[in-house]
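Undergrad: predicted model and sequence follow; I will ask about them next.
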Amino acid sequence: MSDNCIHFGPDSGQQSAMDSEKFVKRNPHPDFKKVEASRPDWKETSLEFTKTKQPDWKLGKGPNDGGESLKKDHVEIDPYQDGRPAVFNYKLLISAIIPRPIGFVSTRSKDGSSTNLAPFSYFQLINHDPPLFILGFAGGWDRAKDSLANLRDSEECTLNIISEHFIEAANATSINAPYGISEWALTGLHPAPCSVVKASRVKEAIFSVEAKLVETREFESRATPGKKTGVLAIVEGVRFWAREDALNEDKNLLDPAVSNSRV
């Protein structure tokens, strides 16, 4: 299961996770495959650069919608209004902060006995010198799931950027697998050796980063004081891996048309 899945209550077992998913209702469809079957087939598309909507826009001109957005009213939301479940903030934020990059994180236990591969929607680049990235884990240290436990113990990981050609395999790592069961076998993706860290990178990824843990910080719930609800990890990129057909001669640009391609 994705390591930033929301959990409620003291029980962090599989049943608790499943019950939490029922409460969150991220997927409102009881049978998603049935819903998916009703949709049009996948359409192959290519990246296209266009002009902005209003290329002749001048400083101070304001919105490009002719002022239509100014006619709309807004609703104030108190994140902790009486009777408002904290999970409502989760649902609101993931529907509002879009698109979000997905960090595809590979970790390995300190003794090398187990490996983990998981997607993270709480992921972002925050600095380039040094190259720093953040990862958000749901739950506290007392309920550390595979990726967080491995990162804490080994102090390293790899970050892999997902492209269309392995989207199904990456999504499969969200499965609710017990600790010690590697998602690599469930995906069919191929681990590739790294130079500095022991955790494997995803061979199919067009861009990967070997990273070392810099620091972590645990957060406490505002709704339920005393309950730990998240851990922030800052990691530093120590090696980059870029597919050669996507990389320019100076090794400082990736072609987005290749990065988003299918092969």
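TA: Here it is on my side, so go on. Computed from a predicted structure; not experimentally measured.
Undergrad: mind listing the helices for this structure?
TA: 14-24, 32-37, 86-96, 146-154, 167-172, 183-187, 256-259 (DSSP state H).
Undergrad: list the buried residues in stretch 76-93.
TA: Buried residues in stretch 76-93, counted by 16 or more other C-beta atoms under 10 Å: Ala86, Val87. Just so you know, the C-beta spots here come from the backbone N, C-alpha and C atoms, and that holds for glycine as well.
Undergrad: now swap in stretch 116-127 and tell me
TA: Asn116, Leu117, Ala118, Pro119, Phe120, Tyr122, Phe123.
Undergrad: now, which of those sits nearest Val35?
TA: Pro119 (20.8 Å; C-beta to C-beta).
Undergrad: surely that closest one meets Ile102?
TA: Yes. In this structure Pro119 lies within contact range of Ile102 using C-beta atoms under 8 Å: 5.2 Å.
Undergrad: what's the overlap in contacts for these two?
TA: Counting by C-beta atoms under 8 Å, 6 or more residues apart in numbering, the contacts common to Pro119 and Ile102 are Ile162, Ala170.
Undergrad: pull the number of nearby residues for Ala233.
TA: When neighbours are counted by other C-beta atoms under 10 Å, Ala233 registers 23.
Undergrad: against Pro79, how distant is it?
TA: 23 Å (C-beta to C-beta, to the nearest Å).
Undergrad: could you point out which residue ranges in the stretch 101-250 of the chain have low pLDDT?
TA: Flagging of the stretch 101-250 of the chain using pLDDT under 70 yields the residue ranges 179-180.
Undergrad: quickly list what Gly237 is bridged to.
TA: Beta-bridge partners recorded for Gly237 (DSSP bridges): Ala211.
Undergrad: before we move on, back to that, just the ones in strands from the buried residues of stretch 116-127, please.
TA: Asn116, Leu117, Ala118, Pro119, Phe120, Phe123 (DSSP state E).
Undergrad: residues touching the residue lying closest to the second one once chain neighbours are set aside, list them.
TA: When you say that, I think you mean Leu117. Nearest residue to Leu117, sequence neighbours excluded (C-beta to C-beta, 6 or more residues apart in numbering): Glu183, at 4.2 Å. The neighbours of Glu183, taking C-beta under 8 Å, 6+ apart as the test, are Asn116, Leu117, Ala118, Ala172, Thr173, Ile175, Ala177.
Undergrad: determine which two of the residues you listed are furthest apart.
TA: Asn116 and Ala172 (13.4 Å).
Undergrad: quick check: the residue nearest to Leu117 vs Thr173, distance?
TA: Distance from Glu183 to Thr173, by C-beta to C-beta: 4 Å.
Undergrad: check Phe166 too.
TA: Taking C-beta to C-beta, one finds Phe166 at 11 Å from Thr173.
Undergrad: shared neighbours of these two, which are they?
TA: Thr187.
Undergrad: return the member of the ones in strands among the buried residues of stretch 116-127 nearest to Val87.
TA: Val87 lies nearest to Phe120 out of these, by C-beta to C-beta, at 18.3 Å.
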